[in-house]
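Enquirer: Got a predicted structure plus its sequence, pasted below:
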Amino acid sequence: MNETAQQYVQRITAHVKGKQPLAVHAATANKLARLVKGVPPSTLRKRPAADKWSASEIVAHLGDAEIVIGFRMRLILGAPGSPIAAYDQDSWVTSGHYEKRDPRKSVEQFGVVREANLALLKSLTAEQWKHYGMHSERGQETIEHIVRMTAGHDMNHLQQIERILRGKGK
């Protein structure tokens, strides 16, 4: 998908309009676990198209993205205004061998890291929610914005997994 950074932000944040981002954060790990429960790993690893990620690869991506988000938030909290590097998610799929990862272990990794990130978020002061970093592609991003983006990212990928498992791909 070719889109600008601004288009990406708009598309992702549209998923959380009218929703509480922290509630989405809190629910995602259980939703992921329910989606993959009882589904054979071979089914989870099947790509809907050669250029589309499998459900298993999406779950691995969510796990790695959660590590990145946690690091970014901690970086910002420790040094407000810090630069935030972008990363090439497609190269991570390849270099991280997402196709070989155990999808249930990826769900477990996601859940543990998300729980740690939620504990951090619950401890923040009102002022800390406004701390920001400078994303290399999207510019200034506050903790509050990162949380909203992450919730939208969660919802985007949960819907994608649901479509794949229903055989609708995309």
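Expert: Yes, it's here. These figures come from a predicted structure and were not determined experimentally.
Enquirer: Any regions of this protein where pLDDT drops low?
Expert: Within the chain, the set of residues satisfying pLDDT under 70 comprises 1, 168-170.
Enquirer: Find the centremost residue of the chain, please.
Expert: The geometric centre of the chain, computed from its C-alpha atoms, lies nearest to Leu62 (Cα atoms, centre = their mean), at 4.4 Å.
Enquirer: ranges for the strands of the protein?
Expert: With DSSP state E, the ranges of strands along the chain come out as 83-84, 132-135, 139-142.
Enquirer: List the buried residues of the last one.
Expert: The neighbour-count criterion (16 or more other Cβ atoms under 10 Å) identifies Glu141, Thr142 as the buried residues of strand 139-142. In this view, the C-beta of every residue, glycine as well, is placed from N, C-alpha and C.
Enquirer: neighbouring contacts of that strand?
Expert: Ala5, Ile84, Trp129, Lys130, His131, Tyr132, Gly133, Met134, His135, Met149 (Cβ atoms under 8 Å, 6 or more residues apart in numbering).
Enquirer: how does it look with 10 Å?
Expert: With contact meaning Cβ atoms under 10 Å, 6 or more residues apart in numbering, strand 139-142 is reached by 5-6, 9, 72, 76, 80-81, 84, 128-135, 148-149.
Enquirer: same deal with the shortest one?
Expert: Strand 83-84 is contacted by residues 68, 71-73, 75-76, 132-141, 146 when judged by Cβ under 10 Å, 6+ apart.
Enquirer: I'd like to know which of those are buried.
Expert: Neighbour counting by 16+ other Cβ under 10 Å classes Val68, Arg72, Met73, Ile76, Tyr132, Gly133, His135, Arg138, Glu141, Ile146 among the contacts of strand 83-84 as buried.
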